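J.: what's the 3D shape of this:
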Amino acid sequence: MKGFILGKKITQIQGFTEGEKRIPITVIDSNECYLVDVKIPSISGYFAVKLGIGWKKTIKKPVQGELEKAGIKTPLAFLKEIRLEDYQDKIKVIEENNKKGIIVNEKKIFIGEKVDPSIFFQKGEKVDVSGISKGKGFQGVVGRHNFAGGPRTHGQSDRERAPGSIGQTTTPGRVYKGKRMAGHAGMRRVTIRNLSIFKIEGNKIYLKGLVPGKTGQWLEIKSSLS
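T.: Numbers count the residues shown, from 1 in each chain. Coordinates of the predicted model:
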């Protein structure tokens, strides 16, 4: 099966495999996920679907117009396009009664309709999960890049978490671009690949393992290519 959906990270719990091995479980809620639009190469230049999820009190006028065009009355909080060039042979674009939609796993979904995880996924399937990692503010090189720090002996009691030398002498006389140094850590897009689906209950997806972001983080879930 090939699928894609948006969800919200609810909590992290523990579960047990058939061999009574304890494993970490992440619970993702995909309730109220809508198909907002379908992008096709002949018009947009690429193949993708646009999904939306959540509720927001106020939204911008362009987003409101897009949702009204799709027939969605809920002001969605999180909208995301998911590129599907690698799945073109498994997903077909259709149009019936002036409504555009797609066929995935022999199921029809039209723009404005809710997307149910049970349509796409099943127990044991591998998925890739993308989201924004937790922000950790300004961090030193030990916390940000796992540097070991300096020795605690030979009079270096104040250098335990120092980065050490960052450049050369006369040649080239500068610090190379991309040098690992202290700075803002986290708050970046992270993708965790090949997580197994532990089970699906209603609109909740239970994944084996941990995913990026704090509780309440919006996530993209897509079937793994491997």
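J.: Quick one: the strands in the protein, in order.
T.: In the chain, the strands defined using DSSP state E lie at 4-16, 22-29, 34-39, 48-53, 78-83, 91-96, 99-104, 107-110, 126-132, 137-139, 183-185, 189-201, 204-208, 218-223.
J.: Switch these over to JSON lines; also include distance to Glu68.
T.: The C-beta positions use only the backbone N, C-alpha and C, and glycine is treated the same way. Formatted as JSON lines, those follow (distance: least, C-beta to C-beta, whole Å):
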{"stretch": "strand 4-16", "distance to Glu68": "20"}
{"stretch": "strand 22-29", "distance to Glu68": "25"}
{"stretch": "strand 34-39", "distance to Glu68": "11"}
{"stretch": "strand 48-53", "distance to Glu68": "12"}
{"stretch": "strand 78-83", "distance to Glu68": "14"}
{"stretch": "strand 91-96", "distance to Glu68": "19"}
{"stretch": "strand 99-104", "distance to Glu68": "15"}
{"stretch": "strand 107-110", "distance to Glu68": "16"}
{"stretch": "strand 126-132", "distance to Glu68": "28"}
{"stretch": "strand 137-139", "distance to Glu68": "40"}
{"stretch": "strand 183-185", "distance to Glu68": "38"}
{"stretch": "strand 189-201", "distance to Glu68": "29"}
{"stretch": "strand 204-208", "distance to Glu68": "29"}
{"stretch": "strand 218-223", "distance to Glu68": "22"}
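J.: wait, which of the ones you listed is closest to Ala162?
T.: Nearest to Ala162, of all these, is strand 137-139, at 13.9 Å by C-beta to C-beta.
J.: Does anything pack onto the closest one? Which helices or strands?
T.: With contacts taken as 3 or more C-beta pairs under 8 Å, 6 or more residues apart in numbering; DSSP states H and E, strand 137-139 sits against strand 183-185.
J.: returning to what we had before: possible to save the strands of the chain as JSON lines with mean pLDDT, distance to Val175 and mean neighbour count?
T.: Converted to JSON lines, those look like this (pLDDT from 0 to 100; distance: least, C-beta to C-beta, whole Å; neighbours: other C-beta atoms under 10 Å):
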{"stretch": "strand 4-16", "mean pLDDT": "95", "distance to Val175": "38", "mean neighbour count": "17"}
{"stretch": "strand 22-29", "mean pLDDT": "96", "distance to Val175": "39", "mean neighbour count": "17"}
{"stretch": "strand 34-39", "mean pLDDT": "95", "distance to Val175": "42", "mean neighbour count": "21"}
{"stretch": "strand 48-53", "mean pLDDT": "96", "distance to Val175": "40", "mean neighbour count": "22"}
{"stretch": "strand 78-83", "mean pLDDT": "94", "distance to Val175": "36", "mean neighbour count": "16"}
{"stretch": "strand 91-96", "mean pLDDT": "89", "distance to Val175": "47", "mean neighbour count": "13"}
{"stretch": "strand 99-104", "mean pLDDT": "90", "distance to Val175": "50", "mean neighbour count": "17"}
{"stretch": "strand 107-110", "mean pLDDT": "91", "distance to Val175": "52", "mean neighbour count": "16"}
{"stretch": "strand 126-132", "mean pLDDT": "96", "distance to Val175": "29", "mean neighbour count": "20"}
{"stretch": "strand 137-139", "mean pLDDT": "97", "distance to Val175": "19", "mean neighbour count": "11"}
{"stretch": "strand 183-185", "mean pLDDT": "96", "distance to Val175": "13", "mean neighbour count": "13"}
{"stretch": "strand 189-201", "mean pLDDT": "96", "distance to Val175": "26", "mean neighbour count": "15"}
{"stretch": "strand 204-208", "mean pLDDT": "97", "distance to Val175": "41", "mean neighbour count": "20"}
{"stretch": "strand 218-223", "mean pLDDT": "95", "distance to Val175": "36", "mean neighbour count": "22"}
